[in-house]
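Engineer: Here is the input, now give the coordinates:
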Amino acid sequence: MRVDPIDYVRNMNPQYKYTLGSAFVMGVLSQGMGLFNKYSVHDDAMNYGVGATYSSGRWMLDILEKAERIVYGDGHYSLPAFNGILSICLIALSACLLVRMLDIKSLFLSVFVSGLMVSFPVITSIFGYMFTLHFYMLALLLGMLGAYLVCEYEKWYYWAIGVLLMGASAGIYQAFIPVIVTVQLFHCINYGIKDNNTFGYIKRLVRTVAGCVLFLVLYFGINRLYLSIQHAELTDYMGIASMGRESIREYCRRVIDAYSEFLVPHKEAVYFMYPGTILYIYYLALGISIAFCIYSIVKLLKRSIIKALIVTVLILLVPLSVNLIFVMVDRLTVHSLMVYAQLLPFVFFAWAVDNIRFQNVTRERVVSSAAAVLMTALLVMYSRVDNKCYIKATYAQQEAISYFTSLVTQIKSTDGYKDELPVAFVNEMHASDTSLQMGDYGAYDSIGYVPYILDPLDYLNNYRWMLFMKQWTGFSPQVADAKLFQDMEEVQQMPSYPDDGSIRIIGDTVVVKF
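Structural biologist: I've put the predicted structure just below:
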């Protein structure tokens, strides 16, 4: 029987239509500046690659990059509108799967979950790495789809496919492992509270736990095999090489860190996701979720003591699961791209609100209305935070462009300058200019999310500064070895740029001293 895609969409459950639509509306509101502007922040100046792959344990990312080159027939590029809109589509589909897994019935709560998933600041951070954004969001969708298959289907082949998809997700970006584990944990809690079949529940629980264990074994196994084939080793970047190899005492400390970050989030950290009054909403949502869980466990005790104990243990594991990244790597290496699972306490709150029932209809409406106001406020606040990141990036990038434009003008204005002369940049990555704002952005200084933590001075001294200058000013001279000039007496007596005399032609080379 032929399936007409248009008829399929027309007959789709309205809940999923609104869930998809919410992602696009909130996507434009929160990530619109990233979609329709070009930011070459930090790594994104190298916009023709996907960054480290199998050397960072991302073997599936290497496969995807090769596949993309075959499909399109050319290189890889950082494309804001294309990669960004594709990524929002992937987030929207992930949201539908999450709503389905948690059996959320409310239309508004489904819209909230979708809107939150696309406006959470982690997505804004990943938008700063536009060259690999769509691959990371594919990792999210693969992980969510894999979790859905493992949790919802009893057939062994669906379970096996789910394990494969979750392993592939981790092979693109390991920081989504906490998300994959936590959504399955939420599913087991939801199923434990609602289902009356204790034996069937235990079977489902065992199947889910086995899926979690095996997808991690699969990820590490393929990773080792891939490295062996490529004759490579893992880099120690962000603690990747030491993941799973620390002492028991160290992992105990990290577990404590995970729980402490859940109960008292570290405000000064670059991974802090609850700025301003959002922290109060977080605690309120947490309190309501805990109250509902206690109420549900008390009711569950009357039906099955075993299930009540199991669900209690699962609920106590939520903080550890949400902050599993702090167990995977040391807390000092965690940054804002790595904590997407921290949006899940709000999703858990939405699930709790969806399941709260009162005999008094008026009271139930009051609670639902109050929750709706709270969630709407949360989406507005996160969208505002996202736009603050982008406006700071706009200012910093424009100041850096102006700086390099002036530098190029002064190089070309030097007496005796010729187009074919090589340029030596002495003391590169030590540029300074007191006329720049250097982070004096008022309210925007509170932005601590990678990569928007950068100010103009960071752009000037970034490891990709020369490529940035080429992209935004068109100046890409032949670069001479600065070591040949830095110890010369004449160069040492030169002032530092932008002072007069900081650019000179020595022999047949233009020397710029920072």
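
Engineer: May I ask you to name the longest helix in this protein?
Structural biologist: helix 361-412 (DSSP state H).

Engineer: where's that one relative to the chain centroid, distance-wise?
Structural biologist: How far helix 361-412 lies from its chain's middle: 15 Å, per Cα atoms, centre = their mean, to the nearest Å.

Engineer: And the next helix or strand past that helix?
Structural biologist: Next helix or strand after helix 361-412 toward the C-terminus (DSSP states H and E): strand 423-426.

Engineer: Tell me which other helices or strands that following strand touches.
Structural biologist: In terms of contacts (3 or more Cβ pairs under 8 Å, 6 or more residues apart in numbering; DSSP states H and E), strand 423-426 is packed against strand 509-513. All C-beta spots, glycine's among them, are computed from the backbone N, C-alpha and C.

Engineer: Least confident secondary structure element in the protein?
Structural biologist: Least confident helix or strand, the chain: helix 5-10 with a mean of 58, by mean pLDDT, DSSP states H and E.

Engineer: Report the buried residues of the helix or strand following that helix.
Structural biologist: Using DSSP H and E, the next helix or strand after helix 5-10 towards the C-terminus is helix 14-36. Residues 15-16, 18-20, 22-24, 26-31, 33-35 are the ones in helix 14-36 that count as buried (16 or more other Cβ atoms under 10 Å).

Engineer: Kindly report the same for stretch 57-72.
Structural biologist: Those would be G57, R58, W59, M60, L61, D62, I63, L64, E65, E68, for stretch 57-72 by 16+ other Cβ under 10 Å.

Engineer: and the fourth one, which of the three is it?
Structural biologist: With DSSP: H, G, I helix; E, B strand; the rest coil as the basis, M60 sits in helix.

Engineer: Would you mind measuring from it to G221?
Structural biologist: According to Cβ to Cβ, to the nearest Å, M60 and G221 sit 13 Å apart.

Engineer: Quick check: which element contains the nearest residue to L317 once chain neighbours are set aside?
Structural biologist: The shortest distance from L317 to any non-neighbouring residue, by Cβ to Cβ, 6 or more residues apart in numbering, is to L185 (6.3 Å). Assigned by DSSP H and E, L185 falls within helix 177-194.

Engineer: list the buried ones in the following helix or strand past that helix?
Structural biologist: Next helix or strand after helix 177-194 toward the C-terminus (DSSP H and E): helix 198-230. By neighbour count on 16+ other Cβ under 10 Å, the buried set for helix 198-230 is 201, 204-205, 207-208, 211-212, 214-216, 218-220, 222-223, 226-227.

Engineer: which helices and strands does helix 198-230 pack with?
Structural biologist: Contacting helix 198-230 under the criterion 3+ Cβ pairs under 8 Å, 6+ apart are the following elements: helix 59-72, helix 130-152, helix 156-172, helix 177-194, helix 305-316.

Engineer: So which of the ones you listed is nearest T333?
Structural biologist: Closest of the helices and strands packed on helix 198-230 to T333 is helix 177-194, at 14.7 Å (criterion: Cβ to Cβ).

Engineer: residues of that closest one that come out buried?
Structural biologist: Those would be 177-193, for helix 177-194 by 16+ other Cβ under 10 Å.

Engineer: rewinding a little: and of the buried residues of stretch 57-72, the nearest to M166?
Structural biologist: Nearest to M166 among those, with distances taken as Cβ to Cβ, is M60, at 11.2 Å.

Engineer: Isn't the closest one up against L165?
Structural biologist: No: M60 lies out of contact with L165 (Cβ atoms under 8 Å); the separation is 10.4 Å.

Engineer: how about H231, phi and psi?
Structural biologist: Recorded main-chain torsions at H231 are phi 50, psi 50, according to degrees, to the nearest 10.

Engineer: What is the neighbour count of it?
Structural biologist: Counted with other Cβ atoms under 10 Å, residues neighbouring H231 total 6.

Engineer: Tell me how far S55 lies from L35.
Structural biologist: 30 Å.

Engineer: no no, K302
Structural biologist: For K302, the distance to L35 - Cβ to Cβ - is 52 Å.

Engineer: Same question for L205.
Structural biologist: 41 Å.

Engineer: Y282 now?
Structural biologist: 27 Å.

Engineer: now R207
Structural biologist: In terms of Cβ to Cβ, R207 sits 40 Å off from L35.
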